[in-house]
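need the 3D shape of this:
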Amino acid sequence: MILSVDHVAVAVRRIEERVGFWETLGLARGREVQLPGEGARILFLPAGNSRVELLEPMGPGGPVKKFLERRGEGIHHLCLRVDSVERTVLALEKAGFPAVGPIRKGADRTAVAFLDPHHTGGVLVELAEGKEHG
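Residues are numbered from 1 along each chain as shown. Predicted structure coming up:
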């Protein structure tokens, strides 16, 4: 089912105020994506076959803005790359680990789903379908 850790997403108030730390560690800026439907701006920082993803809220609403208001800056979610999001979600739901919302297209335009953190030890887990990054 799991191919790799795709990325660790970090919620930040402003990407430009936080990216310097990651650049000092040797990570270069990668692709930037805006997801108005999710209310988020994303900066990918490639790290070997994985990535760090900085999430900045766009506008007054959206899940990243709500996360920052509740918990402050920090790790938002862990994304696992899987061979099939649909099969993985079905297996997890059958085992008692439900998804939050439907399977949809993510920042990479591939199928993604999020698992309910109330059933995963408090960790928001994203499942993303497709090949590994490198």
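
so what does the one helix or strand Glu16 maps to touch, helix or strand wise?
Element membership for Glu16, per DSSP states H and E: helix 15-24. With contacts defined as 3 or more C-beta pairs under 8 Å, 6 or more residues apart in numbering; DSSP states H and E, helix 15-24 has these neighbours: strand 40-47, strand 50-57. Every C-beta, even on glycine, is put in place using the N, C-alpha and C of the backbone.

mind listing what the last one pairs with, with the direction of each?
Using DSSP bridges, the neighbouring strands of strand 50-57 in the sheet come out as strand 2-11 (parallel), strand 40-47 (antiparallel).

just the buried positions in the helix or strand immediately after it in the chain, please.
Moving toward the C-terminus from strand 50-57, the next helix or strand (DSSP H and E) is helix 63-71. Using 16 or more other C-beta atoms under 10 Å as the test for burial, helix 63-71 gives Pro63, Val64, Lys65, Phe67, Leu68.

who does the residue nearest to Ser50 when sequence neighbours are not counted bridge with?
Leaving aside its sequence neighbours, Ser50 sits nearest to Val5 (C-beta to C-beta, 6 or more residues apart in numbering; 5.2 Å). Beta-bridge pairing for Val5 (DSSP bridges): Leu80.

what's the neighbour count on Val5?
15 (other C-beta atoms under 10 Å).

residues contacting it?
Ser50, Leu78, Cys79, Leu80, Arg81 (C-beta atoms under 8 Å, 6 or more residues apart in numbering).

any idea how far Ala28 is from the fourth one?
In other words, Leu80. Applying C-beta to C-beta, to the nearest Å, the value for Leu80 to Ala28 is 23 Å.

more crowded one of the two?
Remark: of Leu80 and Ala28, Leu80 carries more neighbours, 17 against 9, as counted by other C-beta under 10 Å.

that one contacts Ala128, correct?
Yes. With contact defined as C-beta atoms under 8 Å, Leu80 counts as touching Ala128 (7.2 Å).
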